[in-house]
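1. Everything below, folded, please.
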Amino acid sequence: MNNNLLRHKLEHNTERAIITLKWVIFSFIVGIILGAVGAAFHYGIDFVTSYRSTHSMVIFLLPVGAILISFLYKISGYEKDGGTNLVISSIQSDKSIPFRMSVLIFISTIFSHFCGASVGREGAALQVGGSLGYTVGRLFKFSDTDKKTMTMVGMSAVFSALFGTPFAASIFSMEVVSVGIMHYAALLPCAIAALTARYVANLLGAPAPFYEITSYVDFNLVSAAKISLLAILCGLVSILFCVCIHKTSELAKEYVKNTYLRAFLGGSLMLIFTLIIGNQDFNGAGTGIIAAAIAGEAKSYAFIVKILVTALCIAAGYKGGEIVPTFYVGATFGCLFGHVMGISPSLTAAVGMGAMFCGVTNSPITAFLICLELFGFEGASFFLLAIAFSYVVSGYFGLYSSQKIMYSKYKSNYINKKTE
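-> Numbering: from 1, shown residues only. Sure, this is the predicted structure:
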């Protein structure tokens, strides 16, 4: 009897070791491949952004850029683009992710930045990573459950390579799918893939961003109260951001049913705005403006304008995602708050970024880790407090309609509802 029990335990432990070894090998390989893909994507975005900034006539492509992207998706048989929502849905269910999705989002995001659309990069990172991770799982005939894990592994790898935040990337793909629960079985492969991808991207010259907060304040009752107020406001602004993104696209589809006309009108409005404003502060991802806000300099109206033009460009059909614009909104709003409330605008810009990210993604652990990786540990108390407030205040709104809120933010109740 004891021998049978011992043999059973040995077989069970051997099986666990084999499964663990499988994930170590595959996540390492995927991390190498997607680290290179992430670096290539970084260079592509940087090149077209630099070219557009020195060749201002390029922005006149805005009215036709979204038309070309829509046409590309149509001839590829992918006219009804599920985007990041499809990636999230594939982890929740058995939906497949076509390989062409990674190719389409890679090309269309770079082209969107070339034209000057106000979009980010994370949509491409999550879709490229998720699509390629799923494809690897399918090629090696993984089970449906393991293919979902491979999708998360791919998401973590490209997110890490592109944003330079491997700690946050390891957690994000597990946290963003279902709010209130975590897919801990994916922790080891996601961590290996994220760290490997970041290492490869660094070897290929794709830097990890780090912003220096120019001045801090002591953590005391007064400063904590001000940061809490900022976090509450960021939670409300994150709701505004999500509503604008979703409602603008819904209204555009309702009143302008022709895809190409919708693309032309949206691109034209963005071009007209750019010409009126007289600069490209609101075109592209706006990483330069984010850096300026962290340094304590930002226009008072920047955050609200960025919300509107991002909603417009996404409604027009431009690709890329909303996370970097979210950082832009959070940093500029936080900077404004710091000046008004007499607290370090550099610190409040950093806090605003983290609070806004948490508000729109419902991912507090990832938001905290992003803050630590981008700004260092000195402001950790402020980051933690702000993210906690923003998570609660933002309610059940979110950028990703496929995201599910599994447990209430206010009670330990199982609710299983989609974001608003």
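2. Can you list the neighbours in contact with stretch 228-245?
-> 303, 307-308, 310-311, 314, 322, 326, 329-330, 333-334, 337, 341, 348, 351-352, 355-356, 358-360, 385-395, 397-399, 419-420 (C-beta atoms under 8 Å, 6 or more residues apart in numbering). The way it works is simple: take the backbone N, C-alpha and C, and place the C-beta from them, glycine included.
3. To clarify, my last question referred to stretch 12-30.
-> Residues outside stretch 12-30 that contact it (C-beta under 8 Å, 6+ apart): 132-133, 136, 140, 149-150, 153-154, 157, 188-190, 192-193, 196.
4. Please pick the buried ones from the contacts of stretch 228-245.
-> 303, 307, 310-311, 314, 322, 326, 329-330, 333-334, 337, 341, 348, 351-352, 355-356, 358-360, 385-395, 397-399, 419 (16 or more other C-beta atoms under 10 Å).
5. circling back: mark which of the contacts of stretch 12-30 are buried, thanks.
-> Looks like these have 132-133, 136, 149-150, 153-154, 157, 188-190, 192-193, 196 buried, using 16+ other C-beta under 10 Å.
6. For stretch 169-181, measure first residue to last.
-> The first and final residues of stretch 169-181 sit 17 Å from each other (C-alpha to C-alpha, to the nearest Å).
7. If you count neighbours, what's buried in that stretch?
-> For stretch 169-181, by 16+ other C-beta under 10 Å, it's 169, 170, 171, 172, 173, 174, 175, 176, 177, 178, 179, 180.
8. Please state the offset of it from the chain centre?
-> Counting by C-alpha atoms, centre = their mean, to the nearest Å, stretch 169-181 is centred 12 Å from the centre of its parent chain.
9. Just the residues contacting that stretch, thanks.
-> Counting by C-beta under 8 Å, 6+ apart, 88, 91-92, 126, 151-153, 155-157, 159-160, 163, 182-184, 186-187, 190-191, 194-195, 197-198, 361-363, 365-366, 369, 400, 403-409 sit against stretch 169-181.
10. average pLDDT across that stretch?
-> Across stretch 169-181, pLDDT averages out at 89.
11. ok, back up a step: among the buried ones among the contacts of stretch 228-245, which are in helices?
-> For the buried ones among the contacts of stretch 228-245, membership in helices holds for 303, 307, 310-311, 314, 326, 329-330, 333-334, 337, 341, 348, 351-352, 355-356, 358-360, 385-393, with DSSP state H as the criterion.
12. re earlier: dump the buried ones among the contacts of stretch 12-30 to a markdown table, plus secondary structure.
-> Output for those, formatted as a markdown table (DSSP: H, G, I helix; E, B strand; the rest coil):
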| residue | secondary structure |
| --- | --- |
| 132 | helix |
| 133 | helix |
| 136 | helix |
| 149 | helix |
| 150 | helix |
| 153 | helix |
| 154 | helix |
| 157 | helix |
| 188 | helix |
| 189 | helix |
| 190 | helix |
| 192 | helix |
| 193 | helix |
| 196 | helix |
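13. Among the residues you listed, which one sits closest to residue 102?
-> residue 132 (5.3 Å; C-beta to C-beta).
14. wait, doesn't that closest one sit right on residue 34?
-> Yes - applying C-beta atoms under 8 Å, one finds residue 132 in contact with residue 34, separated by 6.3 Å.
15. Find the residues that touch each one of those two.
-> Here residue 132 and residue 34 have 154, 158 as joint contacts, going by C-beta under 8 Å, 6+ apart.
16. Tell me which helix or strand in the chain has the weakest average pLDDT.
-> In the chain, the helix or strand scored least confidently by mean pLDDT, DSSP states H and E is helix 83-92, which has a mean of 70.
17. Helix or strand next in line after the lengthiest helix in the chain, which one?
-> Identified as the longest helix of the chain according to DSSP H is helix 2-54. Moving toward the C-terminus from helix 2-54, the next helix or strand (DSSP states H and E) is helix 62-75.
18. what mean pLDDT does that following helix have?
-> Here the average pLDDT along helix 62-75 is 92.
19. Pull the residues that contact it.
-> Residues from elsewhere that reach helix 62-75 (C-beta under 8 Å, 6+ apart): 79, 81, 104, 107-108, 111-112, 114-117, 259-260, 263-264, 266-268, 270-271, 274, 313, 316-319.
20. Show the buried residues in those residues.
-> Looks like the contacts of helix 62-75 have 81, 104, 108, 111-112, 114-117, 259-260, 263-264, 266-267, 270-271, 274, 313, 316-319 buried, using 16+ other C-beta under 10 Å.
21. Tell me where the stretch 201-350 of the chain has helices.
-> Remark: helices assigned in the stretch 201-350 of the chain by DSSP state H, counting those that start in this stretch are 221-255, 259-277, 287-294, 302-316, 323-341, 345-361.
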